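I'll drop the sequence and a predicted model, then ask my questions.
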Amino acid sequence: MKPNALCTLWKQQHKLMIKSSWTTTCDHTGDKLYQLAAMKFKGSVKDSREKLKKDYDELLEMMQTSFRNSQD
């Protein structure tokens, strides 16, 4: 096989692997990413600082778990 053909084949396989990895990650974490984006609206006066911190910590834990599960 020519070096250029081998390089092209490797690039195609690499693209497929990255696309597959990204798709898997999005499938596992899509709802968590939405929740993270929605957190910017939680800074209202009625929410205490402790409650906001608790919500952020819970979301962080869920996101870490989702990322770990997407790698399995």
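Yep, it's here.

Residue 32 - how many residues pack around it?
17 (other C-beta atoms under 10 Å). Backbone N, C-alpha and C define where each C-beta goes, glycine included.

My read is that it contacts residue 66, right?
Yes: using C-beta atoms under 8 Å, residue 32 is in contact with residue 66, at 5.2 Å.

where along this structure do the helices fall?
3-38, 49-71 (DSSP state H).

Could you identify which of those helices has the lowest mean pLDDT?
Per-stretch mean pLDDT for the helices of the chain is lowest at helix 3-38 (a mean of 71).

so who does residue 62 touch?
32, 35 (C-beta atoms under 8 Å, 6 or more residues apart in numbering).

Look up how far residue 56 lies from it.
Distance, residue 62 to residue 56, using C-beta to C-beta, to the nearest Å: 11 Å.

Check residue 48 too.
For residue 48, the distance to residue 56 - C-beta to C-beta - is 13 Å.

When these two are compared, which one has more neighbours?
residue 56 (13 against 9).

Pull the number of nearby residues for the nearest residue to the more buried one once chain neighbours are set aside.
Excluding its sequence neighbours, the residue lying closest to residue 56 (C-beta to C-beta, 6 or more residues apart in numbering) is residue 39, at 6.7 Å. The tally of other residues near residue 39 (other C-beta under 10 Å) stands at 12.
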